[in-house]
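Engineer: no letters, just coordinates:
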Ligand code: ATP
Ligand code: MG
């Protein structure tokens, strides 16, 4: 959380004339020093090392921004005028290890005493607008490099070893105003790399910043340029947006600026016109509220940010527009929207190159999000409760949260009744789980035992018998070996 204060301006009155005016307030200077210290002695040594080779080195981007915001930063990013080959020579013998996967993009990765550092050579050329991959040309001037960064708040640097703060584009003022502005014209910036349009909404959600009006305008006008950006790069920004403290804000901005139409077109399509009788709420608004409530419950129940849960909350009703039907008496129905929605979810997330398990987990949650609604006041049998838990499997906790979050009625009595009845099913699941370790449900006889009892060789009969016993196990709970054997014999007599 931001803990840095931004007193308006430094007073220069008492400052001796020969000291250059430091744009940083005392608090900010302390934050920068703390950043440099946290990377010490490594960054200091590296600064000295580069300087002894006549090369420049500076902390840059995320870590500088985050230090000034009082946020923790994951990476230590550095920038230099030395070309990658030269960086390799300079750090040879100093770094504990070096990796070069990013070397074609000008980045050399280093590890020193458990710290991970990335050193990237100054850029001087813009990205090639038509290509999917940036073309790299190296520069000699840090200000040129900073000009090519996405936002002014990401275009601040701290030179090492002297700890000199560099902010040619007013990033500090924008940080204070909580606004995302581009160092140059936003149109040129987005033309160079349209991914920055996604980065703008990601940072808005992550940092709680606003887009400067000209940035929002350019993003809106150029959103279709995202088509040339690889799905993987978009996915990475969308993931950070969804895991941010305020994913709703990011999604709303994506929709408002027409970005969602190119990234998650199913989401703006949930903006259904409300029927004349106001019989159902706007599905889009409802989905955003469910997302918000899921984020709250996730925290209340002691979890960290979870991508699968949050995507499921956002997408759980995407099948509604396609399945909407108007029936007599102005009734609106969405039959099987959970099934249609699960298949739409699968397609969209796969197209965005999300990992296979994320795709299938989110789709499973979407397909299950209505199951609880048959529960009523607790009418389900133990067998139905067992099936509910088993079908959710590892996703059960997320299904609990999703189902609870999926109640957006303003009617307090209704909401309280739903919460109570969900408390009830959670309690029953917990009791059953304790009683029989639900999550390890197996038939009471294994494959070998089945073969022995039926005197058969491995083959389809064993599979059939196994499924029969599993069904029986789910239906009745655990049985003794004798009971299971008897049941299997009875079944075999009838079915084989
Ligand atoms: P995070 O906390 O998510 O790592 P970050 O600001 O460090 O945020 P990165 O994606 O790690 O973001 O990028 C590091 C820095 O590189 C940014 O701060 C920014 O200066 C610059 N940068 C990254 N991607 C782009 C881009 N597409 N266009 C211009 N500059 C970029
Ligand atoms: Mg970073």
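Structural biologist: Received, thanks. Bear in mind the structure is a predicted one, so any value in this text is a computation, not a measurement. Ligands and ions are numbered 1, 2, ... in the order given.

Engineer: hey, let's count contacts and neighbours off CA atoms from now on
Structural biologist: Will do.

Engineer: for ligand 1, what are the nearby residues on this protein?
Structural biologist: Contacts of the chain with ligand 1, taken as Cα under 6 Å from any ligand atom, map to 61-62, 148-150, 154-155, 195-196.

Engineer: dump the residues you listed to a markdown table, plus pLDDT.
Structural biologist: A markdown table is the format used below for the residues of the chain next to ligand 1 (pLDDT from 0 to 100):
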| residue | pLDDT |
| --- | --- |
| 61 | 94 |
| 62 | 92 |
| 148 | 93 |
| 149 | 95 |
| 150 | 97 |
| 154 | 97 |
| 155 | 97 |
| 195 | 97 |
| 196 | 98 |
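
Engineer: now, those residues that are in strands?
Structural biologist: Among the residues of the chain next to ligand 1, no member falls in strands (DSSP state E).

Engineer: narrow these to just the buried residues.
Structural biologist: 61-62, 148-150, 154-155, 195-196 (16 or more other Cα atoms under 10 Å).

Engineer: returning to what we had before: for residue 384, state which of the residues of the chain next to ligand 1 is nearest.
Structural biologist: residue 195 (46.9 Å; Cα to Cα).

Engineer: my read: that closest one touches residue 234, true?
Structural biologist: Yes. With contact defined as Cα atoms under 8 Å, residue 195 counts as touching residue 234 (6.8 Å).

Engineer: which secondary structure state is assigned to residue 79?
Structural biologist: With DSSP: H, G, I helix; E, B strand; the rest coil as the basis, residue 79 sits in strand.

Engineer: show me where the stretch 51-200 of the chain dips below the pLDDT cut-off.
Structural biologist: Applying pLDDT under 70 to the stretch 51-200 of the chain flags residues 125-135.

Engineer: change it to 80
Structural biologist: 73-74, 125-136 (pLDDT under 80).

Engineer: ranges for the helices of it?
Structural biologist: 62-69, 84-91, 142-147, 171-177, 186-192, 195-207 (DSSP state H, counting those that start in this stretch).

Engineer: now do the buried residues in the first one.
Structural biologist: Neighbour-count burial for helix 62-69, counted by 16+ other Cα under 10 Å, picks out 62-69.

Engineer: which residues of this protein fall in strands?
Structural biologist: Using DSSP E, strands in the chain cover 57-60, 76-80, 97-99, 107-112, 115-121, 157-160, 164-166, 179-180, 210-211, 324-327, 331-334.

Engineer: most tightly packed of the ones you listed?
Structural biologist: strand 57-60 (a mean of 27; mean count of other Cα atoms under 10 Å).

Engineer: same for it, what does it pack against?
Structural biologist: helix 42-52, strand 76-80, strand 157-160 (3 or more Cα pairs under 8 Å, 6 or more residues apart in numbering; DSSP states H and E).

Engineer: so how far is the shortest one from its chain's centroid?
Structural biologist: This points to strand 157-160. Centroid separation for strand 157-160 versus its chain: 30 Å, with Cα atoms, centre = their mean, to the nearest Å.

Engineer: do stretch 78-92 as well
Structural biologist: So, by Cα atoms, centre = their mean, the centroid of stretch 78-92 is 33 Å from its chain's centroid.

Engineer: measure it end to end?
Structural biologist: This stretch, stretch 78-92, spans 17 Å end to end (Cα to Cα, to the nearest Å).

Engineer: repeat that for stretch 80-93.
Structural biologist: 19 Å.

Engineer: contacts for it next, please.
Structural biologist: In this structure, residues lying in contact with stretch 80-93 by Cα atoms under 8 Å, 6 or more residues apart in numbering are 49-50, 53, 55-58, 103, 106-108, 119-122, 138-142.

Engineer: try 6 Å
Structural biologist: 56-57, 106, 121-122, 140 (Cα atoms under 6 Å, 6 or more residues apart in numbering).

Engineer: farthest pair within these?
Structural biologist: Greatest spatial distance in the contacts of stretch 80-93: 56 and 106, 15.1 Å, computed using Cα to Cα.

Engineer: residue 284 versus the nearest residue to residue 203 once chain neighbours are set aside, what's the distance?
Structural biologist: Among residues not flanking residue 203 along the chain, residue 209 sits closest, at 7.0 Å (Cα to Cα, 6 or more residues apart in numbering). Distance, residue 209 to residue 284, using Cα to Cα: 23 Å.

Engineer: same check, this time on residue 175
Structural biologist: 32 Å.

Engineer: any idea which residue sits dead centre in the protein?
Structural biologist: residue 239 (2.9 Å; Cα atoms, centre = their mean).

Engineer: ok, the nearest residue to that residue once chain neighbours are set aside - how many residues close by?
Structural biologist: Nearest residue to residue 239, sequence neighbours excluded (Cα to Cα, 6+ apart): residue 307, at 7.1 Å. As a burial measure, residue 307 scores 17 neighbours (other Cα atoms under 10 Å).

Engineer: please apply the same query to residue 409.
Structural biologist: That count, for residue 409 with other Cα under 10 Å as the rule, works out to 11.

Engineer: I'd like to know the phi and psi angles of it, please.
Structural biologist: With angles defined as degrees, to the nearest 10, residue 409 sits at phi -70, psi 150.

Engineer: how near is the nearest residue to it once chain neighbours are set aside to ligand 1?
Structural biologist: Nearest non-adjacent residue to residue 409, counting by Cα to Cα, 6+ apart: residue 415, 6.4 Å away. Separation of residue 415 from ligand 1 (Cα to the nearest ligand atom, to the nearest Å) stands at 37 Å.

Engineer: with residue 48 instead?
Structural biologist: Residue 48 is 23 Å from ligand 1, by Cα to the nearest ligand atom.

Engineer: go on, residue 159?
Structural biologist: The value you get for residue 159 to ligand 1, if Cα to the nearest ligand atom is used, is 15 Å.

Engineer: which ones are touching the nearest residue to that residue once chain neighbours are set aside?
Structural biologist: Distance criterion Cα to Cα, 6+ apart; nearest residue to residue 159, sequence neighbours excluded, is residue 58 at 4.0 Å. By Cα under 6 Å, 6+ apart, residue 58 lies in contact with 78-79, 158-160.

Engineer: Serialize those to JSON lines and add fields for distance to residue 214.
Structural biologist: As requested, those are exported to JSON lines (distance: Cα to Cα, whole Å):
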{"residue": "78", "distance to residue 214": "29"}
{"residue": "79", "distance to residue 214": "28"}
{"residue": "158", "distance to residue 214": "28"}
{"residue": "159", "distance to residue 214": "30"}
{"residue": "160", "distance to residue 214": "34"}
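
Engineer: and the residues you listed, which is closest to residue 315?
Structural biologist: residue 78 (38.3 Å).

Engineer: quick revisit: relative to residue 408, which of the helices and strands packed on strand 57-60 is closest?
Structural biologist: Closest to residue 408 of the helices and strands packed on strand 57-60 is strand 76-80 (Cα to Cα; 42.3 Å).

Engineer: parallel or antiparallel, which strands does that closest one pair with?
Structural biologist: strand 57-60 (antiparallel), strand 115-121 (parallel) (DSSP bridges).
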